[in-house]
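1. Have a look at this fold, sequence not included:
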Ligand code: PNS
């Protein structure tokens with residue numbers, strides 16, 4: 001159990017392939033609640049070992065560029081990580097993990113991860129924020145699918161990401 005210390009630093013983890021307006025919303029909400037937010041970009045390969053659309057470095061850079069476009073408030077930084085999320089939280093000294101919930105379909109997966117993370121590191125709080133309803137349907141996989149099929153995705157992702165997707169998919 002955490003010794004009743006206040007949490008001031010949280011991690012917002014994810015794959016961010018690529019970052020969407022939904023992610024930016026969650027990062028900004030986390031920053032309203034906590035002064036220090038580290039956006040942790042997972043190096044993990046895609047499902048079944050498939051390649052990511054963007055490399056780890058590209059995903060980190062796209063988040064930085066998107067946050068800068070949104071005015072990058074002080075107290076937010078972006079870092080890559082590999083290995084266990086709980087190890088990363090310990091390394092950066094974060095007392096909590098903030099994630100967004102869109103729908104009930106997110107809940108079961110997130111509860112499983114939160115339970116596991118609690119077993120690994122009971123002092124790190126799992127905190128959930130409700131995403132804005134306007135972004136409820138936005139996901140990185142939807143963005144990738146639309147972009148690959150030639151659809152405009154400017155309404156789903158920050159400008160730097162839309163440009164990168166155009167370069168990637170033409
Ligand atoms: O954006 P995603 O793909 O939903 O993010 C999932 C992520 C990266 C947060 C999760 O897979 C993760 O924490 N990976 C690090 C490895 C780890 O700690 N696994 C055990 C906790 S489930």
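-> Sure, I can see it. Computed from a prediction, not measured in an experiment: that's the story for all the values here. Numbering: from 1, shown residues only.
2. count of residues packed around residue 124?
-> The tally of other residues near residue 124 (other Cβ atoms under 10 Å) stands at 22. For the C-beta atoms, the positions are set from N, CA and C on the backbone; glycine is no exception.
3. er, residue 56 actually
-> Neighbours of residue 56 (other Cβ under 10 Å): 18.
4. how near is it to residue 70?
-> 22 Å (Cβ to Cβ, to the nearest Å).
5. tell me what the lengthiest helix in the chain is packed against?
-> Across the chain, the longest stretch assigned as helix under DSSP state H is helix 104-120. For helix 104-120, the elements it packs on are helix 85-92, strand 96-101, strand 125-130, judged by 3 or more Cβ pairs under 8 Å, 6 or more residues apart in numbering; DSSP states H and E.
6. For it, give me every contacting residue.
-> 84, 85, 86, 97, 99, 100, 101, 124, 126, 128 (Cβ atoms under 8 Å, 6 or more residues apart in numbering).
7. Which of those residues ranks first by neighbour count?
-> Within the contacts of helix 104-120, most neighbours by other Cβ under 10 Å means residue 97, with 24 neighbours.
8. Quick check: that one touching residue 127?
-> Yes: assessed by Cβ atoms under 8 Å, residue 97 is found in contact with residue 127 at 6.8 Å.
9. mind listing the strands for this structure?
-> Counting by DSSP state E, the chain has strands at residues 9-14, 36-42, 76-81, 96-101, 125-130.
10. contact partners of the longest one?
-> Think strand 36-42. Contact partners of strand 36-42, identified using Cβ under 8 Å, 6+ apart, comprise 8-16, 27, 30-31, 56, 59-60, 63, 67, 75-82, 85, 88, 92, 94, 98.
11. what about burial for these, which qualify?
-> With burial judged by 16 or more other Cβ atoms under 10 Å, the buried subset of these is 9-16, 27, 30-31, 56, 59-60, 63, 67, 76, 78, 81, 85, 88, 94, 98.
12. Contact residues of the protein facing the ligand?
-> 13, 14, 15, 42, 44, 84, 85, 113, 116, 117 (Cβ under 6 Å from any ligand atom).
13. Out of the residues you listed, which one has the weakest pLDDT?
-> Least confident entry in those, by pLDDT: residue 44, with 81.
14. Now do the same contact list for that one.
-> 15, 82.
15. May I have the beta-bridge partners of the closest residue to residue 10 other than its chain neighbours?
-> Take residue 10 and drop its neighbours on the chain: the residue closest to it by Cβ to Cβ, 6 or more residues apart in numbering is residue 96, 4.2 Å away. Taking DSSP bridges as the rule, residue 96 bridges to residue 10, residue 125.
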